[in-house]
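Asker: pasting the structure only:
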């Protein structure tokens, strides 16, 4: 696991990122499919989707997973929680 170019390391890294994305989507949208979300999208859902997509791009671009998750959670708390 020391070699970051190894097949096992890359597999585990990408699998964990995909699982993190799936968990975030499930927690944010409550197991609804994408067509239901599009047809009945309140402003809160659009904002959550925008935060998730933006956080995903930032993680892909920079690789800072924890900092991005903490920043997106803080933005969510400031914008949506009273």
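Answerer: Received the coordinates, thanks. Computed from a predicted model, the values in this text were never measured in an experiment. Residues are numbered from 1 along each chain as shown.
Asker: any idea what sits nearest residue 75, other than its immediate chain neighbours?
Answerer: Taking Cβ to Cβ, 6 or more residues apart in numbering as the measure, residue 75 lies nearest to residue 51, with 6.1 Å between them; neighbours along the chain are not counted. For glycine as for every other residue, the C-beta is placed from the backbone atoms N, C-alpha and C.
Asker: That neighbour: helix or strand, and which one exactly?
Answerer: In this structure, residue 51 is located in helix 43-62 according to DSSP states H and E.
Asker: ditto for residue 76
Answerer: Secondary structure assignment for residue 76, by DSSP H and E: helix 65-80.
Asker: Next, the angle helix 43-62 makes with that helix.
Answerer: Computed by axes from the mean of the first three to the mean of the last three Cα atoms, to 10 degrees, the angle separating helix 65-80 from helix 43-62 equals 160 degrees.
Asker: list the helices and strands helix 65-80 packs on?
Answerer: In terms of contact count using 3 or more Cβ pairs under 8 Å, 6 or more residues apart in numbering; DSSP states H and E, helix 65-80 is assigned the packing partners helix 43-62.
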